[in-house]
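Visitor: kindly generate the corresponding structure for this input.
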Amino acid sequence: MTSIADLRKSYERAELDETASHADPLQQFDQWLKEAIAGEVPEPNAMTLATVGSNLRPSTRVVLIKGYDASGIVWYTNYASRKGNELAGNPYAALQFHWVELERVVRIEGVVEKVSNEESDAYFHSRPLDSRIGAWASPQSEVIPGRGVLVTNAAKYAAQFLLQPPRPPHWGGYRLKPDSWQFWQGRRSRLHDRLRYTLEADGSWKRDRLAP
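Guide: Here you go, the predicted structure:
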């Protein structure tokens, strides 16, 4: 059996050069995300979200990006969940995309705010019916005695709302407004390419190369 310490991979698919990268990190992200989608990377929209609670212990989970533009990165979740409670107390968070097949990582840091009720309503009503019912049925992050609680809740809310469940008041979107981006491209001999973009006071982006 191979030792886990001996597992290694040589990264040789691509490179990330300052002269070939975008000056605006959002454009660089847009390019890489579109390439991940075109390359049929499994769940290219999956990202790890890291938050820190009042006990100063970080926690991570995987969420799905549902929108991005100059104002930030958007995802949707239960406001009463652990991540929701942690963001309420500490609105700073970090996101990470890892597209293994492309040997790429994107890291994003910034402050988080809730999206408008109108945005949350529009996205909620675009979801499949079972997902809308699920938002009512699951008391996310709470201890439950068994899966039967979820099944019972789903049946109850399906009967109550039929085909038109409203958006739960505890469910909606968040937007992370980036002040730092990092783009990592795997390279041979562990001499990876790593570019960091930092938001300046005048709204421009400073681009630096970091040692891997």
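Visitor: now do the residue nearest to Ala211 when sequence neighbours are not counted against Ala158, distance only.
Guide: Spatial nearest neighbour of Ala211, chain neighbours left out: Arg194 (7.3 Å); criterion: CB to CB, 6 or more residues apart in numbering. C-betas here are computed from N, CA, C, even on glycine. Distance from Arg194 to Ala158, counting by CB to CB, to the nearest Å: 48 Å.
Visitor: what's the answer for Ile108, then?
Guide: In terms of CB to CB, Ile108 sits 37 Å off from Ala158.
Visitor: with Arg107 instead?
Guide: Applying CB to CB to Arg107 and Ala158 gives a distance of 40 Å.
Visitor: before we move on, what about Ala88?
Guide: As judged by CB to CB, Ala88 and Ala158 stand 30 Å apart.
Visitor: so Trp75 sits in a helix?
Guide: No. With DSSP: H, G, I helix; E, B strand; the rest coil as the criterion, Trp75 is strand rather than part of a helix.
Visitor: count the neighbours of the closest residue to it other than its chain neighbours for me.
Guide: Distances taken as CB to CB, 6+ apart put Val63 closest to Trp75, at 4.6 Å, once the chain neighbours are dropped. Counted by other CB atoms under 10 Å, the residues lying close to Val63 total 17.
Visitor: and the pLDDT for Val63?
Guide: pLDDT for Val63: 98.
Visitor: for the one helix or strand it maps to, packing partners?
Guide: Element membership of Val63, judged by DSSP states H and E, is strand 58-64. Counting contacts by 3 or more CB pairs under 8 Å, 6 or more residues apart in numbering; DSSP states H and E, strand 58-64 packs against strand 46-52, strand 72-78, helix 82-89.
Visitor: in JSON lines: these, plus mean pLDDT and distance to Arg167.
Guide: Output for the helices and strands packed on strand 58-64, formatted as JSON lines (pLDDT from 0 to 100; distance: least, CB to CB, whole Å):
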{"stretch": "strand 46-52", "mean pLDDT": "98", "distance to Arg167": "21"}
{"stretch": "strand 72-78", "mean pLDDT": "98", "distance to Arg167": "10"}
{"stretch": "helix 82-89", "mean pLDDT": "97", "distance to Arg167": "15"}
